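Undergrad: quick one, fold the following:
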Amino acid sequence: MRIKADNRYELKYVLDQAQCQPLLNTLATYLECDTNGDGEGRYSVTSLYYDSPDYRAYWDKLEGHRFRRKVRVRVYGNQQVTPQTACFLEIKQRLNKTLRKKRVMLPYAAATALCEAGEAVEQALSSQETAMVDEVHYLQQILHLQPACVVSYDRLAFEGSEQDPGLRITFDTYLKGRIYDLSLLSQGAVESYFILPPQWCVMEIKVNYRVPYWLTELIGRYRCTLRRISKYCTALEQGKVVRRRGQIIY
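TA: Numbering: from 1, shown residues only. Here you go, the predicted model:
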């Protein structure tokens, strides 16, 4: 049984193809494919991010605030999104080094109406989901949330075995973004720009408490360097909507 703690640790690495494929071949002997993807654990991800008019979430990240939150609406797969499409409304929250992701499944129209206008959600929710929706409503009211960018990529995901419950490793490629046409209903995704060179891959490791020793050894063997990277912030920078005071990737 895989158990995910409410608050987890996340490590990010930027790899090139020369590093990526040998590492993938080795990891496949330790991990299991994510059953939410195809037979190999692959699926696509598209997220609509929200922020304040002055991009507070961006600057909170850049300035290293110990507590910060991002709001996004996320869909999986290559389906054509309609107002009724089920999506995930999420708050990604970081406190010091720990990460927590809160989410609720809603129709796309309901999720965006809440984020953009504070409209009530007209469906039955659990107490935990209600608290999460109330938090989004609060952030919308105080920050005047508005669509900021769309980010999409292909993901290959692995889960830890019974010996490593809670371990999750993902490889994200073909990372694209756009700062216009900010609706997932749009068919304009083909106009998105690469936010990282297409030969690069972002590897993310999520654990409940600590990275297993065997994985630490593999990271060193394949010369994976820990990087501070935000897909959201990189999309804004590449779209030149912010005047950055530093690099999100270094």
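
Undergrad: what about the closest residue to P83 other than its chain neighbours, which SS state?
TA: The shortest distance from P83 to any non-neighbouring residue, by C-beta to C-beta, 6 or more residues apart in numbering, is to A109 (3.7 Å). In short, each C-beta sits where N, CA and C put it, glycine included. Secondary structure, DSSP: H, G, I helix; E, B strand; the rest coil: A109 is helix.

Undergrad: what segments of this structure are strands?
TA: Residue ranges of the strands in the chain, as given by DSSP state E, are 8-16, 32-33, 42-51, 67-76, 86-95, 98-107, 146-159, 168-178, 193-194, 200-207.

Undergrad: burial count for N78?
TA: Here the number of neighbours of N78 (other C-beta atoms under 10 Å) works out to 11.

Undergrad: tell me how far it lies from S126.
TA: Counting by C-beta to C-beta, to the nearest Å, the gap from N78 to S126 is 30 Å.

Undergrad: do S47 as well
TA: When C-beta to C-beta is applied, the distance between S47 and S126 equals 23 Å.

Undergrad: could you check which of those two has the larger neighbour count?
TA: Higher neighbour count among S47 and S126: S47, with 23 against 9, using other C-beta under 10 Å.

Undergrad: who are the contact partners of that one?
TA: The neighbours of S47, taking C-beta atoms under 8 Å, 6 or more residues apart in numbering as the test, are R72, V73, R74, V75, V150, V151, S152.

Undergrad: flag every buried residue along stretch 28-43.
TA: Using 16 or more other C-beta atoms under 10 Å as the test for burial, stretch 28-43 gives Y30, L31, C33, D34, G37, G41, Y43.

Undergrad: ok, how many other residues are close to the nearest residue to the first one once chain neighbours are set aside?
TA: It refers to Y30. Distances taken as C-beta to C-beta, 6+ apart place W214 nearest to Y30, at 6.6 Å, with adjacent residues excluded. By the measure other C-beta under 10 Å, the count of residues near W214 is 12.

Undergrad: correct me, but W214 touches L27?
TA: No: using C-beta atoms under 8 Å, W214 is not in contact with L27, being 10.0 Å away.

Undergrad: what's the burial count for T173?
TA: 18.

Undergrad: could you do the one 5 residues further on as well?
TA: Residue neighbour count, defined by other C-beta under 10 Å, stands at 21 for R178.

Undergrad: what does H144 give?
TA: For H144, using other C-beta under 10 Å, the count is 14.

Undergrad: need the contact list for it.
TA: By C-beta under 8 Å, 6+ apart, the contact set of H144 is S52, P53.

Undergrad: gap between the nearest residue to E90 once chain neighbours are set aside and L167?
TA: Using C-beta to C-beta, 6+ apart and skipping residues adjacent in sequence, the residue nearest E90 is R103, 4.4 Å away. Going from R103 to L167 by C-beta to C-beta gives 20 Å.

Undergrad: next: Y174.
TA: According to C-beta to C-beta, Y174 and L167 sit 25 Å apart.

Undergrad: more neighbours, the two?
TA: Each of Y174 and L167 has its neighbours counted (other C-beta under 10 Å); L167 has more, 22 against 15.

Undergrad: ok, for that one, nearest residue in space, not its chain neighbours?
TA: G160 (3.0 Å).

Undergrad: for that neighbour, give me the pLDDT.
TA: As predicted, G160 sits at a pLDDT of 90.
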